[in-house]
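Engineer: turn this into a structure:
(2 chains)
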Amino acid sequence: MGFLSNLINGISLGSIYAVIALGYTMVYGIAKMLNFAHGDVIMIGAYVVYLTSVKAGLPPVLAVVIAMVACTILGITIEKVAYKPLRKATSLAVLITAIGVSYFLQNIALVIFGANPINFTSVVNVPVIKLFDGQIVISGEASTAIVVSVVIVIALSLFIKKTKSGKAMLAVSEDKGAAQLMGVNVNRTISLTFAIGSALAAIAGALLCSAYPILSNTTGAMPGIKAFVAAVFGGIGSIPGAMIGGILIGVIEILGKAYISTQLADAIVFGVLILVLMFKPTGILGKKINEKV
Amino acid sequence: MALLEINDLCVNYGMITALKGISFEVNEGEVIALIGANGAGKTTTLHALTGLIPAKSGSIKLNGKELTKVPAHKIVEMGMAHVPEGRRIFQHLSVLDNLKLGAYTRKDKANIEKDMQMVYERFPRLAERKNQIAGTLSGGEQQMLAMGRALMSNPKIIVMDEPSMGLSPILVSEIFDIITSIRKDGTTVLLVEQNAKKALAIADRAYVLETGNIVLSGNASDLIKDESIKKAYLGE
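Structural biologist: Down below sits the predicted model:
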(Lines give C-alpha, C1' and ligand atoms only; values in the text may rest on other atoms or scores of the structure.)
Protein backbone atom coordinates (compact mmCIF):
# COMPACT_ATOMS: atom_id res chain seq x y z
CA MET A 1 0.00 0.00 0.00
CA GLY A 2 2.90 2.32 0.70
CA PHE A 3 4.12 1.73 -2.83
CA LEU A 4 0.71 2.55 -4.28
CA SER A 5 0.60 5.78 -2.29
CA ASN A 6 4.01 6.76 -3.55
CA LEU A 7 3.03 5.88 -7.08
CA ILE A 8 -0.04 8.10 -6.89
CA ASN A 9 2.01 10.94 -5.46
CA GLY A 10 4.51 10.44 -8.26
CA ILE A 11 1.80 10.54 -10.91
CA SER A 12 0.40 13.67 -9.33
CA LEU A 13 3.76 15.47 -9.25
CA GLY A 14 4.39 14.17 -12.75
CA SER A 15 1.09 15.61 -13.92
CA ILE A 16 2.28 19.07 -12.86
CA TYR A 17 5.58 18.48 -14.68
CA ALA A 18 3.53 17.42 -17.70
CA VAL A 19 1.56 20.67 -17.74
CA ILE A 20 4.84 22.62 -17.60
CA ALA A 21 6.45 20.33 -20.18
CA LEU A 22 3.62 21.10 -22.61
CA GLY A 23 4.77 24.71 -22.67
CA TYR A 24 8.35 23.68 -23.40
CA THR A 25 7.41 21.16 -26.02
CA MET A 26 4.95 23.39 -27.90
CA VAL A 27 7.34 26.33 -28.03
CA TYR A 28 10.15 24.03 -29.13
CA GLY A 29 7.97 22.36 -31.76
CA ILE A 30 6.78 25.61 -33.28
CA ALA A 31 9.44 28.24 -32.64
CA LYS A 32 12.32 25.70 -32.53
CA MET A 33 13.70 27.26 -29.37
CA LEU A 34 14.15 26.24 -25.76
CA ASN A 35 12.41 28.80 -23.62
CA PHE A 36 14.33 28.43 -20.39
CA ALA A 37 12.34 31.29 -18.88
CA HIS A 38 9.25 29.07 -18.93
CA GLY A 39 9.82 27.86 -15.35
CA ASP A 40 9.91 31.43 -14.11
CA VAL A 41 6.59 32.20 -15.74
CA ILE A 42 5.22 29.50 -13.41
CA MET A 43 6.65 31.39 -10.45
CA ILE A 44 5.07 34.66 -11.62
CA GLY A 45 1.78 32.81 -12.10
CA ALA A 46 1.96 31.45 -8.57
CA TYR A 47 2.60 34.94 -7.17
CA VAL A 48 -0.42 36.29 -9.06
CA VAL A 49 -2.55 33.48 -7.63
CA TYR A 50 -1.18 34.27 -4.16
CA LEU A 51 -1.95 37.98 -4.47
CA THR A 52 -5.44 37.54 -5.91
CA SER A 53 -6.58 34.53 -3.91
CA VAL A 54 -4.75 34.54 -0.60
CA LYS A 55 -4.24 38.29 -0.26
CA ALA A 56 -7.25 39.78 -2.06
CA GLY A 57 -9.56 36.92 -1.17
CA LEU A 58 -10.90 36.25 -4.64
CA PRO A 59 -12.32 32.77 -5.34
CA PRO A 60 -9.54 30.32 -6.33
CA VAL A 61 -10.86 29.64 -9.85
CA LEU A 62 -11.05 33.36 -10.58
CA ALA A 63 -7.56 33.82 -9.16
CA VAL A 64 -6.20 31.14 -11.46
CA VAL A 65 -7.98 32.70 -14.45
CA ILE A 66 -6.44 36.09 -13.61
CA ALA A 67 -3.03 34.42 -13.31
CA MET A 68 -3.55 32.76 -16.70
CA VAL A 69 -4.33 36.11 -18.29
CA ALA A 70 -1.33 37.73 -16.59
CA CYS A 71 1.02 34.94 -17.69
CA THR A 72 -0.37 34.99 -21.23
CA ILE A 73 0.42 38.69 -21.48
CA LEU A 74 3.83 38.07 -19.92
CA GLY A 75 4.59 35.20 -22.30
CA ILE A 76 3.59 37.16 -25.41
CA THR A 77 5.60 40.16 -24.21
CA ILE A 78 8.71 38.05 -23.55
CA GLU A 79 8.42 36.58 -27.05
CA LYS A 80 7.94 39.99 -28.68
CA VAL A 81 10.67 41.79 -26.77
CA ALA A 82 13.34 39.13 -26.28
CA TYR A 83 12.93 36.36 -28.87
CA LYS A 84 11.29 37.86 -31.96
CA PRO A 85 14.24 40.14 -32.78
CA LEU A 86 16.37 36.97 -32.80
CA ARG A 87 14.18 35.03 -35.24
CA LYS A 88 17.05 34.80 -37.71
CA ALA A 89 19.85 34.55 -35.13
CA THR A 90 21.67 31.34 -34.18
CA SER A 91 19.91 29.04 -31.74
CA LEU A 92 22.71 29.63 -29.22
CA ALA A 93 21.94 33.37 -29.13
CA VAL A 94 18.27 32.59 -28.46
CA LEU A 95 19.17 30.07 -25.77
CA ILE A 96 21.40 32.55 -23.94
CA THR A 97 18.69 35.19 -24.21
CA ALA A 98 16.18 32.77 -22.69
CA ILE A 99 18.51 32.16 -19.75
CA GLY A 100 18.84 35.95 -19.43
CA VAL A 101 15.06 36.35 -19.38
CA SER A 102 14.89 33.64 -16.73
CA TYR A 103 17.29 35.52 -14.41
CA PHE A 104 15.53 38.77 -15.20
CA LEU A 105 12.16 37.39 -14.06
CA GLN A 106 13.68 35.84 -10.93
CA ASN A 107 15.30 39.12 -9.96
CA ILE A 108 12.23 41.20 -10.74
CA ALA A 109 10.30 38.89 -8.42
CA LEU A 110 13.03 39.29 -5.81
CA VAL A 111 12.70 43.07 -5.97
CA ILE A 112 8.90 43.06 -5.86
CA PHE A 113 8.19 40.22 -3.43
CA GLY A 114 11.36 40.17 -1.35
CA ALA A 115 13.75 37.36 -0.52
CA ASN A 116 11.66 35.63 2.13
CA PRO A 117 9.72 32.62 0.89
CA ILE A 118 5.96 32.93 1.25
CA ASN A 119 3.76 30.26 2.77
CA PHE A 120 1.32 29.61 -0.01
CA THR A 121 -2.21 28.60 0.98
CA SER A 122 -3.62 25.86 -1.22
CA VAL A 123 -6.22 27.06 -3.69
CA VAL A 124 -7.57 23.56 -4.21
CA ASN A 125 -10.90 22.87 -2.52
CA VAL A 126 -11.26 19.21 -3.32
CA PRO A 127 -11.92 16.66 -0.54
CA VAL A 128 -9.36 14.01 0.32
CA ILE A 129 -10.03 10.63 -1.24
CA LYS A 130 -9.53 7.64 1.06
CA LEU A 131 -9.18 4.16 -0.40
CA PHE A 132 -8.81 0.72 1.24
CA ASP A 133 -10.13 1.86 4.60
CA GLY A 134 -7.88 4.85 4.69
CA GLN A 135 -4.70 2.97 3.86
CA ILE A 136 -4.30 5.10 0.78
CA VAL A 137 -4.97 8.80 1.08
CA ILE A 138 -5.07 10.95 -2.01
CA SER A 139 -5.01 14.64 -1.26
CA GLY A 140 -7.27 17.04 -3.11
CA GLU A 141 -4.17 18.67 -4.57
CA ALA A 142 -2.93 15.35 -5.94
CA SER A 143 -6.21 14.30 -7.55
CA THR A 144 -6.80 17.80 -8.95
CA ALA A 145 -3.34 17.86 -10.54
CA ILE A 146 -3.97 14.55 -12.27
CA VAL A 147 -7.45 15.45 -13.52
CA VAL A 148 -6.45 18.93 -14.66
CA SER A 149 -3.43 17.69 -16.59
CA VAL A 150 -5.41 14.96 -18.35
CA VAL A 151 -8.09 17.48 -19.34
CA ILE A 152 -5.42 19.90 -20.61
CA VAL A 153 -3.65 17.28 -22.72
CA ILE A 154 -6.90 16.12 -24.29
CA ALA A 155 -8.09 19.68 -24.93
CA LEU A 156 -4.75 20.69 -26.41
CA SER A 157 -4.58 17.63 -28.66
CA LEU A 158 -8.10 18.31 -29.93
CA PHE A 159 -7.27 21.97 -30.48
CA ILE A 160 -4.25 21.08 -32.59
CA LYS A 161 -5.90 18.29 -34.55
CA LYS A 162 -9.30 19.86 -35.13
CA THR A 163 -8.97 23.61 -35.44
CA LYS A 164 -7.58 25.75 -38.22
CA SER A 165 -5.20 27.52 -35.81
CA GLY A 166 -3.97 24.13 -34.60
CA LYS A 167 -3.29 22.98 -38.15
CA ALA A 168 -1.48 26.24 -38.79
CA MET A 169 0.71 25.46 -35.77
CA LEU A 170 1.59 22.06 -37.20
CA ALA A 171 2.34 23.64 -40.56
CA VAL A 172 4.62 26.25 -38.97
CA SER A 173 6.38 23.60 -36.89
CA GLU A 174 7.19 21.66 -40.04
CA ASP A 175 8.09 24.39 -42.53
CA LYS A 176 7.75 28.09 -41.74
CA GLY A 177 8.28 29.17 -45.34
CA ALA A 178 5.73 26.77 -46.79
CA ALA A 179 3.27 27.77 -44.05
CA GLN A 180 3.66 31.41 -45.10
CA LEU A 181 2.93 30.43 -48.69
CA MET A 182 -0.38 29.03 -47.43
CA GLY A 183 -1.15 32.39 -45.86
CA VAL A 184 -0.30 31.44 -42.28
CA ASN A 185 0.98 34.38 -40.22
CA VAL A 186 4.03 32.78 -38.62
CA ASN A 187 4.59 35.52 -36.05
CA ARG A 188 1.02 35.32 -34.86
CA THR A 189 1.21 31.53 -34.65
CA ILE A 190 4.35 31.75 -32.52
CA SER A 191 2.65 34.33 -30.27
CA LEU A 192 -0.32 32.01 -29.87
CA THR A 193 2.01 29.19 -28.89
CA PHE A 194 3.66 31.33 -26.22
CA ALA A 195 0.23 32.45 -25.04
CA ILE A 196 -1.00 28.88 -24.59
CA GLY A 197 2.23 27.70 -22.96
CA SER A 198 2.22 30.62 -20.52
CA ALA A 199 -1.44 30.20 -19.60
CA LEU A 200 -0.66 26.56 -18.81
CA ALA A 201 2.32 27.72 -16.75
CA ALA A 202 -0.07 29.73 -14.56
CA ILE A 203 -2.17 26.62 -13.94
CA ALA A 204 0.98 24.65 -13.19
CA GLY A 205 2.10 27.37 -10.76
CA ALA A 206 -1.19 27.18 -8.86
CA LEU A 207 -1.08 23.38 -8.72
CA LEU A 208 2.59 23.23 -7.76
CA CYS A 209 2.36 25.76 -4.94
CA SER A 210 -0.85 24.20 -3.65
CA ALA A 211 0.90 20.84 -3.36
CA TYR A 212 4.27 22.21 -2.21
CA PRO A 213 3.26 25.41 -0.42
CA ILE A 214 6.45 27.44 -0.44
CA LEU A 215 6.76 30.28 -2.90
CA SER A 216 9.92 32.23 -3.62
CA ASN A 217 11.50 33.84 -6.64
CA THR A 218 13.28 30.60 -7.56
CA THR A 219 10.24 28.33 -7.11
CA GLY A 220 9.87 27.82 -10.85
CA ALA A 221 13.50 27.07 -11.63
CA MET A 222 13.85 23.41 -10.59
CA PRO A 223 10.37 22.27 -11.71
CA GLY A 224 11.06 24.13 -14.95
CA ILE A 225 14.27 22.19 -15.54
CA LYS A 226 12.59 18.91 -14.62
CA ALA A 227 9.70 19.62 -16.95
CA PHE A 228 12.24 20.32 -19.66
CA VAL A 229 13.79 16.93 -18.90
CA ALA A 230 10.28 15.45 -19.10
CA ALA A 231 9.71 17.05 -22.50
CA VAL A 232 13.01 15.69 -23.83
CA PHE A 233 12.31 12.33 -22.19
CA GLY A 234 8.93 12.01 -23.89
CA GLY A 235 10.23 13.34 -27.19
CA ILE A 236 10.41 17.10 -27.48
CA GLY A 237 7.78 18.52 -29.82
CA SER A 238 5.27 15.79 -28.96
CA ILE A 239 2.24 16.60 -26.79
CA PRO A 240 1.49 13.05 -25.62
CA GLY A 241 5.25 12.71 -25.15
CA ALA A 242 5.23 15.62 -22.70
CA MET A 243 2.46 13.92 -20.72
CA ILE A 244 4.23 10.56 -20.62
CA GLY A 245 7.61 12.15 -19.91
CA GLY A 246 6.16 14.31 -17.15
CA ILE A 247 4.48 11.44 -15.37
CA LEU A 248 7.55 9.21 -15.66
CA ILE A 249 9.82 11.91 -14.25
CA GLY A 250 7.39 12.51 -11.37
CA VAL A 251 7.13 8.81 -10.57
CA ILE A 252 10.91 8.27 -10.80
CA GLU A 253 11.50 11.25 -8.52
CA ILE A 254 9.01 10.20 -5.84
CA LEU A 255 9.97 6.51 -5.91
CA GLY A 256 13.63 7.50 -5.88
CA LYS A 257 13.00 9.65 -2.80
CA ALA A 258 10.98 6.92 -1.08
CA TYR A 259 13.15 3.89 -1.74
CA ILE A 260 16.64 5.03 -2.69
CA SER A 261 17.67 8.38 -1.30
CA THR A 262 16.05 11.74 -0.78
CA GLN A 263 19.29 13.49 -1.58
CA LEU A 264 19.91 11.47 -4.71
CA ALA A 265 16.38 11.71 -6.13
CA ASP A 266 17.21 14.52 -8.53
CA ALA A 267 20.42 12.81 -9.60
CA ILE A 268 18.38 9.70 -10.39
CA VAL A 269 15.96 11.75 -12.51
CA PHE A 270 18.75 13.24 -14.58
CA GLY A 271 20.59 9.90 -14.69
CA VAL A 272 17.55 8.25 -16.23
CA LEU A 273 17.37 11.05 -18.79
CA ILE A 274 20.98 10.43 -19.79
CA LEU A 275 20.28 6.71 -20.14
CA VAL A 276 17.19 7.28 -22.27
CA LEU A 277 19.01 9.70 -24.52
CA MET A 278 21.87 7.22 -24.97
CA PHE A 279 19.55 4.57 -26.33
CA LYS A 280 16.78 6.66 -27.84
CA PRO A 281 18.08 10.15 -28.59
CA THR A 282 14.71 11.41 -29.85
CA GLY A 283 12.95 10.50 -26.59
CA ILE A 284 10.09 8.07 -26.15
CA LEU A 285 7.65 9.48 -28.71
CA GLY A 286 10.04 11.76 -30.56
CA LYS A 287 9.89 11.77 -34.32
CA LYS A 288 12.98 10.92 -36.21
CA ILE A 289 13.64 13.65 -38.69
CA ASN A 290 14.10 12.18 -42.10
CA GLU A 291 15.54 14.33 -44.80
CA LYS A 292 13.77 13.38 -47.98
CA VAL A 293 16.20 13.52 -50.87
CA MET B 1 -1.83 45.96 -67.94
CA ALA B 2 -0.06 42.68 -67.31
CA LEU B 3 -1.25 40.44 -64.49
CA LEU B 4 2.24 40.33 -63.02
CA GLU B 5 4.76 43.07 -63.70
CA ILE B 6 8.31 42.95 -62.43
CA ASN B 7 10.42 46.07 -62.83
CA ASP B 8 14.14 46.41 -62.18
CA LEU B 9 14.01 43.88 -59.33
CA CYS B 10 17.18 43.53 -57.27
CA VAL B 11 17.56 40.90 -54.56
CA ASN B 12 20.50 40.24 -52.28
CA TYR B 13 21.06 36.79 -50.93
CA GLY B 14 23.38 37.29 -48.00
CA MET B 15 26.45 38.97 -49.44
CA ILE B 16 25.62 38.00 -52.99
CA THR B 17 23.54 40.07 -55.39
CA ALA B 18 21.33 37.33 -56.74
CA LEU B 19 19.14 39.45 -59.01
CA LYS B 20 20.66 42.49 -60.65
CA GLY B 21 17.62 44.42 -61.79
CA ILE B 22 15.38 42.09 -63.80
CA SER B 23 12.18 43.13 -65.53
CA PHE B 24 9.55 40.92 -67.04
CA GLU B 25 5.83 40.54 -67.24
CA VAL B 26 3.24 37.80 -67.24
CA ASN B 27 -0.10 38.41 -68.95
CA GLU B 28 -3.32 36.80 -67.89
CA GLY B 29 -3.78 33.34 -69.35
CA GLU B 30 -0.14 32.86 -70.33
CA VAL B 31 2.34 30.17 -69.41
CA ILE B 32 5.69 31.87 -69.00
CA ALA B 33 8.87 29.87 -68.62
CA LEU B 34 11.85 31.18 -66.73
CA ILE B 35 14.87 29.13 -67.68
CA GLY B 36 18.51 29.23 -66.78
CA ALA B 37 21.37 27.29 -65.26
CA ASN B 38 21.84 26.50 -61.58
CA GLY B 39 22.47 29.66 -59.61
CA ALA B 40 21.09 31.95 -62.30
CA GLY B 41 18.49 33.34 -59.87
CA LYS B 42 15.32 31.50 -60.88
CA THR B 43 14.32 30.32 -57.42
CA THR B 44 15.36 33.67 -55.94
CA THR B 45 13.00 35.38 -58.38
CA LEU B 46 10.06 33.24 -57.26
CA HIS B 47 10.95 33.68 -53.59
CA ALA B 48 10.97 37.43 -54.06
CA LEU B 49 7.60 37.30 -55.82
CA THR B 50 5.86 35.58 -52.91
CA GLY B 51 7.76 37.47 -50.23
CA LEU B 52 9.91 34.66 -48.88
CA ILE B 53 12.94 36.90 -49.39
CA PRO B 54 12.79 40.68 -49.42
CA ALA B 55 13.45 42.69 -52.56
CA LYS B 56 16.29 45.17 -52.24
CA SER B 57 14.85 47.47 -54.86
CA GLY B 58 12.53 47.50 -57.82
CA SER B 59 8.87 46.64 -57.99
CA ILE B 60 6.61 43.64 -58.25
CA LYS B 61 3.03 44.39 -59.21
CA LEU B 62 0.21 41.89 -59.17
CA ASN B 63 -2.94 43.30 -60.80
CA GLY B 64 -1.36 46.71 -60.34
CA LYS B 65 -0.80 46.27 -56.61
CA GLU B 66 2.72 46.62 -55.28
CA LEU B 67 3.91 43.46 -53.51
CA THR B 68 7.44 44.27 -52.36
CA LYS B 69 6.29 45.58 -48.98
CA VAL B 70 3.55 42.99 -48.45
CA PRO B 71 4.40 40.23 -45.94
CA ALA B 72 4.66 36.72 -47.40
CA HIS B 73 1.54 35.38 -45.72
CA LYS B 74 -0.65 38.07 -47.31
CA ILE B 75 0.35 37.32 -50.89
CA VAL B 76 -1.57 34.09 -51.45
CA GLU B 77 -4.77 35.96 -50.57
CA MET B 78 -3.99 38.48 -53.31
CA GLY B 79 -4.09 35.72 -55.90
CA MET B 80 -0.60 34.29 -56.27
CA ALA B 81 0.18 30.74 -55.19
CA HIS B 82 3.66 29.26 -55.06
CA VAL B 83 4.58 25.62 -55.64
CA PRO B 84 8.02 25.65 -54.05
CA GLU B 85 11.14 23.84 -55.13
CA GLY B 86 11.37 20.43 -53.52
CA ARG B 87 7.55 20.47 -53.12
CA ARG B 88 7.70 21.31 -49.37
CA ILE B 89 4.43 19.62 -48.58
CA PHE B 90 3.67 19.11 -44.89
CA GLN B 91 5.12 15.63 -44.49
CA HIS B 92 3.53 14.77 -41.14
CA LEU B 93 0.02 15.89 -42.10
CA SER B 94 -2.50 13.98 -44.17
CA VAL B 95 -3.10 14.70 -47.84
CA LEU B 96 -6.47 16.19 -46.91
CA ASP B 97 -4.92 18.48 -44.28
CA ASN B 98 -2.32 19.63 -46.79
CA LEU B 99 -5.07 20.54 -49.24
CA LYS B 100 -7.06 22.28 -46.51
CA LEU B 101 -4.01 24.36 -45.61
CA GLY B 102 -3.89 25.41 -49.25
CA ALA B 103 -7.26 27.05 -48.68
CA TYR B 104 -6.18 28.50 -45.32
CA THR B 105 -7.05 32.13 -46.10
CA ARG B 106 -10.40 31.38 -47.76
CA LYS B 107 -13.71 31.58 -45.98
CA ASP B 108 -16.10 30.53 -48.77
CA LYS B 109 -16.72 26.99 -47.51
CA ALA B 110 -18.92 25.86 -50.40
CA ASN B 111 -16.39 26.94 -53.00
CA ILE B 112 -13.52 25.37 -51.07
CA GLU B 113 -15.40 22.08 -51.19
CA LYS B 114 -15.96 22.54 -54.93
CA ASP B 115 -12.27 23.22 -55.49
CA MET B 116 -11.39 20.18 -53.40
CA GLN B 117 -13.48 18.05 -55.77
CA MET B 118 -11.79 19.75 -58.72
CA VAL B 119 -8.36 18.91 -57.30
CA TYR B 120 -9.43 15.30 -56.72
CA GLU B 121 -10.67 15.06 -60.30
CA ARG B 122 -7.42 16.44 -61.61
CA PHE B 123 -5.36 14.21 -59.32
CA PRO B 124 -7.34 11.01 -58.69
CA ARG B 125 -4.38 9.56 -56.81
CA LEU B 126 -4.76 12.24 -54.14
CA ALA B 127 -8.42 11.35 -53.72
CA GLU B 128 -7.47 7.70 -53.17
CA ARG B 129 -4.88 8.70 -50.61
CA LYS B 130 -6.56 11.61 -48.92
CA ASN B 131 -6.20 10.19 -45.42
CA GLN B 132 -2.63 9.04 -45.94
CA ILE B 133 0.26 10.91 -44.32
CA ALA B 134 1.77 13.08 -47.03
CA GLY B 135 5.35 12.03 -46.25
CA THR B 136 4.54 8.49 -47.38
CA LEU B 137 3.53 9.54 -50.91
CA SER B 138 5.85 8.89 -53.85
CA GLY B 139 7.77 11.82 -55.33
CA GLY B 140 5.31 12.25 -58.19
CA GLU B 141 2.33 12.14 -55.83
CA GLN B 142 4.00 14.70 -53.57
CA GLN B 143 4.45 17.00 -56.55
CA MET B 144 0.78 16.59 -57.41
CA LEU B 145 -0.11 17.36 -53.81
CA ALA B 146 2.01 20.50 -53.90
CA MET B 147 0.20 21.59 -57.05
CA GLY B 148 -3.20 20.65 -55.68
CA ARG B 149 -2.43 22.55 -52.48
CA ALA B 150 -1.58 25.65 -54.53
CA LEU B 151 -4.78 25.29 -56.56
CA MET B 152 -6.80 25.17 -53.34
CA SER B 153 -6.14 28.88 -52.83
CA ASN B 154 -8.01 29.50 -56.10
CA PRO B 155 -5.16 31.61 -57.46
CA LYS B 156 -5.06 33.90 -60.47
CA ILE B 157 -1.45 32.92 -61.02
CA ILE B 158 0.62 29.96 -59.89
CA VAL B 159 4.37 30.19 -59.78
CA MET B 160 6.01 26.76 -59.95
CA ASP B 161 9.59 25.98 -59.08
CA GLU B 162 11.10 22.95 -60.82
CA PRO B 163 7.96 20.81 -60.70
CA SER B 164 9.64 18.10 -62.77
CA MET B 165 12.72 17.79 -60.57
CA GLY B 166 13.62 14.26 -59.54
CA LEU B 167 10.75 12.60 -61.37
CA SER B 168 10.81 9.76 -63.88
CA PRO B 169 10.38 10.69 -67.58
CA ILE B 170 6.78 9.43 -67.65
CA LEU B 171 5.89 11.50 -64.59
CA VAL B 172 7.67 14.52 -66.03
CA SER B 173 5.40 14.37 -69.08
CA GLU B 174 2.40 13.95 -66.82
CA ILE B 175 3.37 17.03 -64.78
CA PHE B 176 3.72 19.13 -67.94
CA ASP B 177 0.32 17.90 -69.17
CA ILE B 178 -1.14 18.98 -65.85
CA ILE B 179 0.41 22.44 -66.17
CA THR B 180 -1.14 22.77 -69.63
CA SER B 181 -4.53 21.76 -68.29
CA ILE B 182 -4.26 24.19 -65.36
CA ARG B 183 -3.68 26.98 -67.85
CA LYS B 184 -6.58 25.79 -69.99
CA ASP B 185 -8.84 26.17 -66.96
CA GLY B 186 -7.87 29.82 -66.72
CA THR B 187 -4.98 29.98 -64.26
CA THR B 188 -1.86 31.83 -65.36
CA VAL B 189 1.42 29.97 -64.82
CA LEU B 190 4.95 31.20 -64.25
CA LEU B 191 7.18 28.17 -64.58
CA VAL B 192 10.78 27.85 -63.48
CA GLU B 193 12.42 24.82 -65.04
CA GLN B 194 15.76 23.23 -65.72
CA ASN B 195 14.06 21.01 -68.25
CA ALA B 196 14.13 23.83 -70.78
CA LYS B 197 12.97 21.73 -73.69
CA LYS B 198 9.72 20.67 -72.04
CA ALA B 199 9.17 24.09 -70.54
CA LEU B 200 9.57 25.84 -73.87
CA ALA B 201 7.29 23.28 -75.49
CA ILE B 202 4.31 24.27 -73.32
CA ALA B 203 5.11 27.95 -72.68
CA ASP B 204 3.87 30.95 -74.66
CA ARG B 205 6.88 33.08 -73.92
CA ALA B 206 10.09 32.60 -72.00
CA TYR B 207 12.83 34.55 -70.27
CA VAL B 208 16.39 33.30 -69.94
CA LEU B 209 18.19 34.16 -66.70
CA GLU B 210 21.95 34.18 -66.41
CA THR B 211 23.74 35.17 -63.18
CA GLY B 212 21.00 37.50 -62.07
CA ASN B 213 20.20 39.12 -65.40
CA ILE B 214 17.64 38.39 -68.07
CA VAL B 215 19.76 37.84 -71.15
CA LEU B 216 17.14 36.72 -73.63
CA SER B 217 13.39 36.70 -73.99
CA GLY B 218 10.83 36.00 -76.64
CA ASN B 219 8.20 33.61 -77.89
CA ALA B 220 8.87 30.09 -76.68
CA SER B 221 8.50 28.75 -80.21
CA ASP B 222 11.26 31.08 -81.39
CA LEU B 223 13.56 30.48 -78.44
CA ILE B 224 13.39 26.73 -78.90
CA LYS B 225 15.03 27.26 -82.32
CA ASP B 226 17.62 29.76 -81.06
CA GLU B 227 21.15 28.46 -81.54
CA SER B 228 22.53 29.82 -78.26
CA ILE B 229 19.62 28.34 -76.33
CA LYS B 230 19.99 25.02 -78.08
CA LYS B 231 23.66 24.92 -77.14
CA ALA B 232 23.35 26.09 -73.57
CA TYR B 233 20.07 24.59 -72.35
CA LEU B 234 18.77 21.99 -74.76
CA GLY B 235 21.93 19.94 -75.04
CA GLU B 236 21.92 19.95 -78.81
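
Engineer: every contact and neighbour count from this point should use C-alpha atoms.
Structural biologist: Will do.

Engineer: stretch B:39-56 and chain A, any residue contact?
Structural biologist: Yes: counting by C-alpha under 8 Å from any C-alpha of the partner chain, chain A is contacted by stretch B:39-56 at B:50, B:52.

Engineer: just want the most central residue of chain B.
Structural biologist: Taking C-alpha atoms, centre = their mean as the criterion, B:M160 is the residue nearest the geometric centre of chain B, at 1.6 Å.

Engineer: my guess is that residue contacts B:M80, does it?
Structural biologist: No: contact criterion C-alpha atoms under 8 Å: B:M160 and B:M80 do not qualify, at 10.7 Å.

Engineer: sorry, back to before: phi, psi of the residue nearest to the centre of chain B?
Structural biologist: phi -120, psi 130 (degrees, to the nearest 10).

Engineer: let me know the distance separating it from B:L126.
Structural biologist: 19 Å (C-alpha to C-alpha, to the nearest Å).

Engineer: near chain A, which residues of chain B?
Structural biologist: Counting by C-alpha under 8 Å from any C-alpha, the residues of chain B close to chain A are B:50, B:52, B:72-77, B:81-82, B:84, B:88-92, B:97, B:101-105, B:150, B:153.

Engineer: show me where the chain has its helices.
Structural biologist: As the question left the chain open, I've gone with chain A. Secondary structure of chain A (DSSP state H): helices at A:2-31, A:38-49, A:60-78, A:91-113, A:140-162, A:164-174, A:176-181, A:186-211, A:221-234, A:239-255, A:265-279.

Engineer: chain B is the one I meant
Structural biologist: Assigned by DSSP H, chain B shows helices spanning B:42-49, B:72-75, B:95-102, B:109-122, B:124-128, B:139-151, B:169-184, B:196-202, B:220-223, B:227-233.

Engineer: with mean neighbour count and mean pLDDT added, can I get these in CSV?
Structural biologist: Shown next, in CSV, are those (neighbours: other C-alpha atoms under 10 Å in any protein chain shown; pLDDT from 0 to 100):
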stretch, mean neighbour count, mean pLDDT
helix B:42-49, 23, 94
helix B:72-75, 22, 95
helix B:95-102, 25, 96
helix B:109-122, 15, 94
helix B:124-128, 16, 95
helix B:139-151, 25, 95
helix B:169-184, 15, 93
helix B:196-202, 20, 92
helix B:220-223, 18, 91
helix B:227-233, 14, 82
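
Engineer: and of these, who's closest to A:A56?
Structural biologist: Smallest distance to A:A56 across these (C-alpha to C-alpha): 44.7 Å, for helix B:72-75.

Engineer: show me the contacts for A:L74.
Structural biologist: If you count contacts by C-alpha atoms under 8 Å, 6 or more residues apart in numbering or on different chains, A:L74 has them with A:41, A:198.

Engineer: on that earlier part again, and the residue nearest to the centre of chain B, what does it touch?
Structural biologist: B:82-85, B:189-192.

Engineer: export those residues to JSON lines and tack on distance to A:I260, neighbour count and pLDDT?
Structural biologist: Shown next, in JSON lines, are the contacts of B:M160 (distance: C-alpha to C-alpha, whole Å; neighbours: other C-alpha atoms under 10 Å in any protein chain shown; pLDDT from 0 to 100):
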{"residue": "B:H82", "distance to A:I260": "59", "neighbour count": "27", "pLDDT": "97"}
{"residue": "B:V83", "distance to A:I260": "58", "neighbour count": "27", "pLDDT": "97"}
{"residue": "B:P84", "distance to A:I260": "56", "neighbour count": "23", "pLDDT": "96"}
{"residue": "B:E85", "distance to A:I260": "56", "neighbour count": "18", "pLDDT": "94"}
{"residue": "B:V189", "distance to A:I260": "69", "neighbour count": "26", "pLDDT": "97"}
{"residue": "B:L190", "distance to A:I260": "68", "neighbour count": "23", "pLDDT": "97"}
{"residue": "B:L191", "distance to A:I260": "67", "neighbour count": "26", "pLDDT": "96"}
{"residue": "B:V192", "distance to A:I260": "65", "neighbour count": "26", "pLDDT": "95"}
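
Engineer: of all the residues you listed, which two lie farthest apart?
Structural biologist: Greatest spatial distance in the contacts of B:M160: B:E85 and B:V189, 15.0 Å, computed using C-alpha to C-alpha.
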